[in-house]
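Participant: Have a look at this prediction, sequence included:
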Amino acid sequence: MSTITLDPKIPSGPLADKWANFKAASKLVSPGNKRRYELIVVGTGLSGGSAAAVFGEQGYNVKCFCYQDSPRRAHSIAAQGGINAAKNYQNDGDSVDRLFMDTIKGGDFRSRESNVYRLAQVSTHIIDQCVAQGVPFAREYGGMLANRSFGGAQVSRTFYARGQTGQQLLLGVYSELSHQISAGTVKMNPRHEMLDLVIVDGQAKGIITRNMVTGEIEAHAADAVILASGGYGNAFFLSTNAMGCNVTATYRAYRRGALFANPCFTQIHPTCIPVSGEYQSKLTLMSESLRNDGRIWVPKRKEDCGKKVADIPEDDRDYFLERKYPSYGNLAPRDISSRSAKEVCDEGRGVGPGGLGVYMDFADAIKRLGESTIRERYGNLFEMYKNITGENAYETPMRIYPAVHYTMGGLWVDYELQSNVPGLFVIGEANFSDHGANRLGASALMQGLADGYFVLPYTIGNYLAPVRGTCPDVNRPEFKQAVEEVKERVNRLLSIKGTRTVDSFHKEIGKLLWDECGMARSKEGLEMAIKKFDQIREEFWSNVCVLGDGDELNASLEKAGRVADFIEFGQLMCEDALDRNESCGGHFRVEYQTLEGEALRNDDDYFYVSAWKYTGEGNKPELIKEPLQYEGVKLATRSYK
Amino acid sequence: MNFHLKIWRQAEGKGRGGFQDVDARDIPSEASFLEMLDIVNDRLSEGGDEPVAFDHDCREGICGSCSLTINGVPQGPGRGTACQLYMRKFSDGDTIYIEPFRVGAFPVIKDLVINRSAFDRVIAAGGYISERCGNAQDANDTPIPKTVADYAMDAAACIGCGACAAACPNGSAMLFVSAKIGHLGLLPQGKPEANRRVRRMVAKMDAEGFGNCSNYYECEAVCPAGVPAAFIAKMNRDYALASVRNAVEATA
């Protein structure tokens, strides 16, 4: 029996008025009282960095944490292509409603309608804010902002800064944050990793961190805790995430009672550089923006796969996205493009080593626009590709293959971005709310900045206003006990002294998840994987080898803790994928597909958010449902044909 | 491929450190430099030796965590960061020296890991535009010529790795500092604070112990983001003007 009823706290009124209604009725904290509050922000990417900066600007006392050596290195920095906003600067028919519809449809009708509408509404302010803080977006000769198209949209609404949009947006956030650090409102703690959440009287009131240089385990108290710790794509070992990205902050919060929503909704990005060997540590994305000008194809016949590109005449090429989805063509959404690539490779028509690759060809675009235009648009990406593969994509097509890139699932939050644990707020990729079962390109940056700059600073007031003066003392027993538990876990990892490296376990679960909970999932495979995780957990805790000490910089110790959490979390992903007997977005269950091999959704039985409650290590988690309710959108089969 | 590595090992906060000889055998030529270190570390661990500590994160050349000096060159041979360096660039049997960046203002924490927080403090001294989030004017209200936006972007591309300072015989951070001053100072939004910004950031840069520029241009040669050294000249000009203005206004 479920012990929790979830209230998404969706404001009243028509969809377009909800956000204004909410803001009009929300509680405020007066300027003089803001300095009496302590807030903790974990993570300094677009969402965490912007939230910390705004809270500092408003006068709160903020303690901010990141595992990197500087807040400027958070993984938002690696986003290449762009950021969406419904500005309609191109006069091509864009609007808040259209961005909203595209995002809902892109997410295969599994996101929360009211949150997505608000996201589309605030998207326009984000661009204004970024320009004001000096983000050098690409411009046209007249001095106006330039746009390009991204997948899942038929308008050009994506703003960009060469192929380094994430970098420029993050550096904008970092400059705001630095301003507040120098003003003394934000206390920055780099090289700190959050290892536990502290609950006092049922509310989130602090965290436990490990200082990654000295090894010190520290307790920090606050009036509220904001997690902006990113996604869990590294559960798969190979992904486009940075090496340090991990699930620990959100998973530890889950163990303390926060619900984890839709963990099986993961995004496999279609255009990454294919895997080249066992030693490989990460995968590199080639921006989706390349699909504006690159045509994706494989040979029509298996026998041609080994041939040189020049020896395969036009008629023998299968431009499979253009063929299957003529109205979106090469800009079909990510889940669909990835699955199509997998399909042709499964048929034996893949190219390159191991047959796991498809071509992305710029020959036509170069003929049409000239090499210099292509160089201007994507020069750094072509250079990156050449550096990694040794091939020149101006002369020969790129080879690409899907790779894990983003995770739509995350901690459950309501309209205020508050989890079911009062005082715990979750923003950016770490929450679940806006992208449903599939995220559209250039929408992650939009959500990160929306949450941090424009949503949370308004919604947190309802929690903060009534709890003034409740920031607990770190000497309370709850903190002491949590510190002891963290220390015990660290010591346990160091004392096993087994024979297997941490990475060998990470690779093992990564392969298991990729095979059974990746682009195609089945009941049998998932059941097998769930059992397998029990064995892996047991072996990990009896045979992992972590060298060095706890009181110094120790990368294998850090990694061991993260992999231990990935092992438990991987099992949760599989449980979620097994429960959802339908295919939607990035979640493709082979049992549920149309005759043409498209995802077959089941709105009668699965039109809900799956929020999972922790019930003890190794136990099956409890499923709590948040039924979805759509007021403005009619459910439809997603078609990009 | 096989390599002889000479890797800098230094215990945390103590000792002088020194090179450790490590043989790296059977390394695939397609492996990146950091993947080669992963393989070496795995083997060290399996043999009961503590792995080499080094900073790394995105492995896409953009986060700026890489801080290796390879055969005497910060970020190693060729354009780009150490994570974007592939072993096929070396010859079989090569001896490769791997050290941390050598800059007085970046103390070694352990092995190849250094403390670059001096850069964060220089940015905090003025590397921002003071504006309040919430009601900025429409983004297209102020046109910015494409050439200006593009040039600002050339500077803004800096990844903050510190290779410039490590390559400079003077340990100067002027390419890094001038990149931020150039980026913000070129844009209309950054102009109101330009004088204050350049004076404060230069003062902080000096206080952190970075040296001065004497036009070696080693910084430009190693910069993984290709930031042009011309920004240093621009910063010097801005600084001189700002100082004069400040002196005149102060006495006025």
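Facilitator: Nice, thanks for sending it over.
Participant: mind giving me the domain ranges of the chain?
Facilitator: The chain I'm using is chain A. A:37-265+A:408-467, A:269-404, A:484-606 (automatic domain parsing).
Participant: um, chain B though
Facilitator: If you go by automatic domain parsing, chain B breaks into B:3-110, B:117-251.
Participant: Minimum distance to A:Ser327: which of these has it?
Facilitator: Nearest of the domains of chain B to A:Ser327, taken as CB to CB: domain B:117-251 at 29.7 Å. From N, CA and C alone the C-beta is placed, and that goes for glycine too.
Participant: The closest one close to chain A?
Facilitator: Yes. Residues of domain B:117-251 contacting chain A under CB under 8 Å from any CB of the partner chain: B:117, B:119-120, B:123-125, B:127-134, B:136-140, B:142-146, B:149-150, B:152-153, B:156-157, B:159-160, B:183-184, B:187, B:189-190.
Participant: That domain: how far from the chain's middle?
Facilitator: Its chain's C-alpha centre and that of domain B:117-251 lie 14 Å apart, by CA atoms, centre = their mean, to the nearest Å.
Participant: next one: stretch A:569-581
Facilitator: Using CA atoms, centre = their mean, the offset of stretch A:569-581 from its chain centre is 18 Å.
Participant: in it, what's buried?
Facilitator: Within stretch A:569-581, the residues scored as buried using 16 or more other CB atoms under 10 Å in any protein chain shown are A:569-578, A:580.
Participant: Same list (those) but as JSON lines, adding secondary structure, distance to chain B and pLDDT.
Facilitator: JSON lines is the format used below for those (DSSP: H, G, I helix; E, B strand; the rest coil; distance: CB to the nearest CB, whole Å; pLDDT from 0 to 100):
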{"residue": "A:Phe569", "secondary structure": "helix", "distance to chain B": "20", "pLDDT": "98"}
{"residue": "A:Gly570", "secondary structure": "helix", "distance to chain B": "21", "pLDDT": "98"}
{"residue": "A:Gln571", "secondary structure": "helix", "distance to chain B": "26", "pLDDT": "98"}
{"residue": "A:Leu572", "secondary structure": "helix", "distance to chain B": "25", "pLDDT": "98"}
{"residue": "A:Met573", "secondary structure": "helix", "distance to chain B": "24", "pLDDT": "98"}
{"residue": "A:Cys574", "secondary structure": "helix", "distance to chain B": "27", "pLDDT": "98"}
{"residue": "A:Glu575", "secondary structure": "helix", "distance to chain B": "30", "pLDDT": "98"}
{"residue": "A:Asp576", "secondary structure": "helix", "distance to chain B": "28", "pLDDT": "98"}
{"residue": "A:Ala577", "secondary structure": "helix", "distance to chain B": "28", "pLDDT": "98"}
{"residue": "A:Leu578", "secondary structure": "helix", "distance to chain B": "33", "pLDDT": "98"}
{"residue": "A:Arg580", "secondary structure": "coil", "distance to chain B": "32", "pLDDT": "98"}
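Participant: Format those residues as CSV; extra columns: distance to A:Thr214.
Facilitator: Output for these, formatted as CSV (distance: CB to CB, whole Å):
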residue, distance to A:Thr214
A:Phe569, 28
A:Gly570, 31
A:Gln571, 33
A:Leu572, 32
A:Met573, 34
A:Cys574, 37
A:Glu575, 38
A:Asp576, 38
A:Ala577, 40
A:Leu578, 43
A:Arg580, 44
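Participant: Relative to B:Val113, which of these is nearest.
Facilitator: A:Phe569 (27.8 Å).
Participant: Contact partners for that closest one?
Facilitator: Going by CB atoms under 8 Å, 6 or more residues apart in numbering or on different chains, A:Phe569 touches A:232, A:235, A:247, A:251, A:263.
Participant: residues near A:Asp534, how many?
Facilitator: Residues contacting A:Asp534 under the criterion other CB atoms under 10 Å in any protein chain shown number 12.
Participant: Could you pull up the contacting residues of it?
Facilitator: Contacts of A:Asp534 by CB under 8 Å, 6+ apart are A:571, A:618.
Participant: Can you list the low-confidence ranges for the chain?
Facilitator: I'll assume chain A. For chain A, the stretches flagged by pLDDT under 70 are A:1-2.
Participant: um, chain B though
Facilitator: Residues of chain B that meet the cut-off, pLDDT under 70, sit at B:13-14, B:251-252.
Participant: mind listing the helices in it by residue range?
Facilitator: Assigned by DSSP state H, the helices in chain B fall at B:33-46, B:117-124, B:146-156, B:163-167, B:174-186, B:194-207, B:218-222, B:230-251.
Participant: Dump the ones you listed to a markdown table, plus mean neighbour count and distance to A:Ala132.
Facilitator: Listed next are the helices of chain B as a markdown table, based on neighbours: other CB atoms under 10 Å in any protein chain shown; distance: least, CB to CB, whole Å:
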| stretch | mean neighbour count | distance to A:Ala132 |
| --- | --- | --- |
| helix B:33-46 | 20 | 37 |
| helix B:117-124 | 23 | 18 |
| helix B:146-156 | 20 | 14 |
| helix B:163-167 | 29 | 29 |
| helix B:174-186 | 27 | 12 |
| helix B:194-207 | 20 | 16 |
| helix B:218-222 | 19 | 30 |
| helix B:230-251 | 15 | 21 |
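Participant: between the ones you listed, which gets nearest to A:Arg157?
Facilitator: helix B:146-156 (19.1 Å).
Participant: I would like the residues contacting the closest one, please.
Facilitator: A:134, A:136-141, A:143, A:161-162, A:168, A:171, B:178-180, B:182-184, B:186-187, B:226-228, B:231.
Participant: again, only using 6 Å
Facilitator: Under the criterion CB atoms under 6 Å, 6 or more residues apart in numbering or on different chains, residues A:136, A:139, A:141, B:179, B:182-183, B:186-187, B:231 lie in contact with helix B:146-156.
Participant: Likewise for stretch A:607-622?
Facilitator: Applying CB under 6 Å, 6+ apart, the external contacts of stretch A:607-622 come out as A:254-255, A:259-262, A:412, A:576, A:623-628.
Participant: how far does that stretch sit from the chain's center?
Facilitator: 20 Å.
Participant: First-to-last residue distance for that stretch?
Facilitator: End-to-end span of stretch A:607-622 (CA to CA, to the nearest Å): 18 Å.
Participant: Same question for stretch A:188-195.
Facilitator: The first and last residues of stretch A:188-195 sit 17 Å apart, counting by CA to CA.
Participant: Okay, helices next: where are they in the stretch 301-450 of chain A?
Facilitator: Ranges of helices in the stretch 301-450 of chain A, per DSSP state H, counting those that start in this stretch, are A:320-324, A:334-346, A:363-369, A:371-389, A:444-449.
Participant: Can you tell me which of these is packed in deepest?
Facilitator: A comparison of these by mean neighbour count, using mean count of other CB atoms under 10 Å in any protein chain shown, puts helix A:444-449 on top with a mean of 30.
Participant: List the contacts of it.
Facilitator: A:46-47, A:50, A:79, A:83-84, A:123, A:126, A:169, A:428, A:434.
Participant: Filter the residues you listed down to the ones in strands?
Facilitator: Cross-referencing those against strands under DSSP state E gives A:83-84.
Participant: Out of the contacts of helix A:444-449, flag the one nearest to chain B.
Facilitator: Comparing those against chain B with CB to the nearest CB places A:Ser50 closest, at 7.6 Å.
Participant: ok, the closest one - contacts?
Facilitator: A:173, A:449, A:452-453.
Participant: same thing but 10 Å
Facilitator: Neighbouring residues of A:Ser50 by CB atoms under 10 Å, 6 or more residues apart in numbering or on different chains: A:41, A:44, A:76, A:126, A:129, A:169-170, A:172-174, A:176-177, A:228, A:427-428, A:448-454, A:456-457, B:133.
Participant: try A:Tyr160
Facilitator: A:80-83, A:137-138, A:145-148, A:150, A:166, A:168, A:287, A:289, A:377, A:442, A:445.
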